[in-house]
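> Task: produce atomic coordinates for the following.
(chains A and B)
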Amino acid sequence: MTISGWEQLLFIAAVTAVAAPLLGRYLAATFRGGRAPGDRVFLPVERLVYRVLGVDPESSWTWRSYALAVLAFGLVGTLLLYAILRLQGVLPGNPTHAPGMPPLLSFNTAISFITGTNWQVYEGETQASYLAGTAGLVVAQFTAAGVGLAVALAVVRGIAGPMGNTARTVGNFWSDLTRSLVRVFVPLSILGALVMVSQGAVQNLSGFRTAATLAGGTQKIPGGLVASMEAIKLLGTNGGSYYGTGGAHPFENPTPFTNIFDLLFVIVLPFAIIVMFGRLIGRPRQGYAIIAVMAIIFVAHTVVSMQAEHHGNHLLPASVSQVASGVSPGGNMEGKETRFGPEASALMTVGTMGTTAGATDSALDSYTPVGGTGAFAGILLGEISPGGDGGGLYSILVLALLAVFVAGLMVGRTPEFLGKKIRAPQMKLVVTYVLTIPVTVLIFASISLVIPAGLAAILNPGLHGLSEVTYAYASVANNNGSAFAGLAANTAWYDTTLGLTMLIGRFGPIVLSLAVAGSLAGARVHARTRATLDTAGPTFAAFLLGVIVIVGGLIYFPMLILGPIGERIVG
Amino acid sequence: MRTALFGRHLVASLVMLVVVTVALGFGYPLVVTGLSQLFFHRQANGSLIYRNGKLAGSELLGQEFLDRRGNPLPQYFQPRPSAAGAGYDGSSSGASNLGPSNPLLIGFVAGVNTVGLDGQPSATNPFATAADPACVPLDTAKTPVISPAPGQKYARAAGGSYVCDPNTIPERAIAYRAFNGLPANATVPADAVTVSGSGLDPDISVQNALGQAPRVARARHLPAATVIALVHHYTQGREWGFLGEPTVNVLELNLALDGQS
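Here you go, the predicted structure:
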């Protein structure tokens, strides 16, 4: 890596280290209950929403009721978005004359945005109307982010909540969702969008303008409500872009500054949510122990990719200069923008792979095998570096339960997390959680690799093609949504199976983690003794890291050997 | 009981979605659009560039500098190859998505991805030409052939050699050298022979611009030093000294050239 590559990585780390604790403190104050900062502005808005909904924000529900509300909200949202996409051709707000989306594509796209996956097989410029973009997709991006944070709050209340909660309640979904949107996602998105516009991201209703180029030709210049979508795409760890090429498009990500800003806009909030967790349970150290694990994984997969892309594609002829210098970015420039170069591209693209955003500023399919493995790693370890908004927290809490269980087996004590005993009912749910996504991914990917409908969509020959298919399922199952985009995935087989995979990958973990939380809600909190495993110390952090790597590695290693690792060795 | 509860949740969900659609689907983007148009009018509308009162393009989007037959104009700096539509199509941003070992990208590299005339793996490239040992042949319909089969018909040049797919990196390097009058062993910067992520990259590297400068100077009958000075003038260093890479904006540079002569 070059010095400027390291500097950009350090800059990200430094800003996150300052911003995440501040934001985390704000989140903790907001979601602790009682008075919170900004009440004078936000409270009247929230009261209005509760009145319209006809709900009592103070009532607290069991995990089952909470999960049913999440499922109901997902179901209605999906149906509504499906209808908008099908009908966009006849609805107003369509200056680019996008026709209604076909049924399977609408099915896939609706699920994709409601689940926060933002897998996009339609072309942003021509296949989505302005109305569908903003009233459909952007609304889904906000709600997906709000649902993620809401579920995480419920899980924290269950796992860490006080003794004597005999009704075993975990909170109120409508109040959690409303507060997340009103106090976190909307204000921050407005700020972020304005920063992006100030740098050149577009925000207008002009449709295409036609320019007369210098050479005497014409060029269509696109418009659109780009920055407002870009902000919640990133802040909400969604990843769905206005234009087909997302963060590579100069109208979405115009400068190296916006590139770094975009990455920060993705990762600061998930880290802040972990800080919030530590403060909410009254043990800030527990939060920082988890953050340390997340940060190590983030840096590892990002640095591997940055180095690989900086090094370039060794299969190119020697007469093509891939050496980085003051006058040339060098490295693997296929699919990368000149203003970012290979390192900042890998930093941004692979950096967001440890979240559910999967926002890219370069073409992942053209990454070197090792560079692409970095992106795979972020996803396959279960999106916990630092994970989605809320999703990162409940995922790593489940993995922490697995880790204390394994540690408990080693020393022969009943495992405890935050003072609560972890027993068979919890472990059954945890193991189901850990297996849900890999089983779905591996079954669908394996079928796709033997049936003609699966094989026909592959662009690149050889082992790289296997990576395209497995990456697609791994990406959508983890609600990431980034792609090895050579795969022509807008087919009946892929639209259907990827849509199902997204549903399983989103709602399976939500229901299971809520169930774990419900089973621990109100459970007895044991006093800490000298024999209690300290889950906030470096030993446990290292142990948790080991469990994450071993679980992820055992499940996916054969697939990685056949895909990117094989491609590198053969080439 | 649980069905009734689910029913109540469904109703509340529907109401909530109506609320958020109004507030976030319409209110939020309109607030952002209003503030953007008020405070950042130029940026929000695409950083457009006008020439003689007519829209000539955007500072942020690359455009083509080709003659009517699609050949690059020597008097203009040329942008990177593009996979957006037929090239720099603003309505169809796109990357090649070609993998790092794909023959369509890197050509047939001996010992890596070479195949014989029968389509079976082979140690050498049977399609190699004198100029391009990594040549990927075209069929008679000008489509690249990467999985040959016995009986396949190929396009042939006058001397009988295979006609190579012009879009592989080795072929693009050969064309870059020929177009810029560089010797056959000259190194070519990576950005000059690769497609960008958006297909609309407005920039080229400084090395790429300097490689093109003497040719542009010849075509415009300007001293090379003048054009090189202009390249340096339009070189944008790393933002804040360490973000991203130094770049040269092709459209701005070409506009400046047109303004000079």
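
> Just give me the residue right at the centre of chain A.
A:Thr356 (1.1 Å; C-alpha atoms, centre = their mean).

> What secondary structure category should be reported for that residue?
coil (DSSP: H, G, I helix; E, B strand; the rest coil).

> For it, give me phi and psi.
Phi and psi for A:Thr356, reported as degrees, to the nearest 10, are phi -80, psi 10.

> Skipping its backbone neighbours, what lies nearest it in space?
A:Gly388 (3.4 Å; C-beta to C-beta, 6 or more residues apart in numbering or on different chains). (Glycine included, C-beta is placed from N, CA and C.)

> For the stretch 101-250 of chain B, just list every one of the helices.
Listed in chain order, the helices of the stretch 101-250 of chain B (DSSP state H, counting those that start in this stretch) span residues B:103-106, B:169-179, B:206-220, B:224-233, B:250-260.

> Chain A is nearest to which of the ones you listed?
Among the helices of the stretch 101-250 of chain B, helix B:206-220 comes nearest to chain A, with 3.9 Å by C-beta to the nearest C-beta.

> could you check the angle helix B:250-260 makes with that closest one?
Using axes from the mean of the first three to the mean of the last three C-alpha atoms, to 10 degrees, the direction of helix B:206-220 lies 30 degrees away from that of helix B:250-260.

> A:Phe543 - that's part of a strand, no?
No: applying three-state DSSP, one finds A:Phe543 to be helix, outside a strand.

> Could you pull up the residues touching it?
By C-beta atoms under 8 Å, 6 or more residues apart in numbering or on different chains, A:Phe543 lies in contact with A:Ala403, A:Val406, A:Ala407.

> what's the answer for B:Tyr234, then?
B:Tyr234 touches B:Val248, B:Asn249, B:Glu252, B:Leu253, B:Ala256, counting by C-beta under 8 Å, 6+ apart.

> Spatially, what comes nearest to it if we skip its sequence neighbours?
Looking at B:Tyr234 with C-beta to C-beta, 6+ apart, the closest residue is B:Leu253, at 4.6 Å.

> For the one you found, give me its contacts.
Contacts of B:Leu253 by C-beta under 8 Å, 6+ apart are B:Phe77, B:Ala209, B:Leu230, B:Val231, B:Tyr234.

> so where is the stretch 201-350 of chain A shaky, pLDDT-wise?
Counting by pLDDT under 70, the stretch 201-350 of chain A contains no low-confidence segment.

> Show the residue spans covered by the strands in it.
All strands of the stretch 201-350 of chain A, identified by DSSP state E, counting those that start in this stretch, fall at A:209-212, A:218-221, A:320-321.

> Who wins on neighbours among the contacts of B:Leu253?
Within these, neighbour counts (other C-beta atoms under 10 Å in any protein chain shown) peak at B:Ala209, which reaches 28 neighbours.

> shouldn't it be in contact with B:Val231?
Yes: the pair B:Ala209 / B:Val231 is scored as a contact, 4.6 Å apart, by C-beta atoms under 8 Å.

> Any of the contacts of B:Tyr234 buried? List them.
B:Val248, B:Asn249, B:Glu252, B:Leu253 (16 or more other C-beta atoms under 10 Å in any protein chain shown).

> Report the outermost residue of chain A with respect to its centre.
A:Gly216 (43.7 Å).

> Apart from its neighbours in sequence, what residue is nearest that one?
What sits nearest to A:Gly216 in space, not counting adjacent residues and going by C-beta to C-beta, 6+ apart, is B:Arg68, at 7.8 Å.

> any idea whether the one you found is helix, strand or coil?
Applying three-state DSSP: B:Arg68 is coil.

> Burial check on it, number of neighbours?
Using other C-beta under 10 Å: B:Arg68 sits among 8 other residues.

> what's the distance between it and A:Leu214?
As for B:Arg68, its distance to A:Leu214 is 14 Å (criterion: C-beta to C-beta, to the nearest Å).

> Provide a list of residue ranges in chain B with pLDDT below threshold.
Checking chain B against pLDDT under 70 turns up B:1, B:261.

> Can you give the distance of the biggest helix by length in it from its chain's centre?
The longest helix of chain B (DSSP state H) is helix B:2-20. The chain centre lies 48 Å from the centre of helix B:2-20; the measure is C-alpha atoms, centre = their mean, to the nearest Å.

> And chain A, is it touching that?
Yes: using C-beta under 8 Å from any C-beta of the partner chain, helix B:2-20 reaches chain A at B:2, B:5-6, B:9-10, B:12-17, B:19-20.

> so can I have CSV of those showing distance to A:Ala29 and neighbour count?
Formatted as CSV, those follow (distance: C-beta to C-beta, whole Å; neighbours: other C-beta atoms under 10 Å in any protein chain shown):
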residue, distance to A:Ala29, neighbour count
B:Arg2, 35, 9
B:Leu5, 32, 15
B:Phe6, 33, 15
B:His9, 29, 24
B:Leu10, 33, 17
B:Ala12, 27, 20
B:Ser13, 28, 25
B:Leu14, 32, 17
B:Val15, 29, 17
B:Met16, 25, 27
B:Leu17, 29, 20
B:Val19, 25, 16
B:Val20, 24, 25
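
> Dump the residues you listed to TSV, plus distance to A:Arg35.
Below are the residues of helix B:2-20 next to chain A laid out as TSV (distance: C-beta to C-beta, whole Å):
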residue	distance to A:Arg35
B:Arg2	35
B:Leu5	31
B:Phe6	34
B:His9	29
B:Leu10	33
B:Ala12	26
B:Ser13	29
B:Leu14	32
B:Val15	27
B:Met16	25
B:Leu17	30
B:Val19	25
B:Val20	25
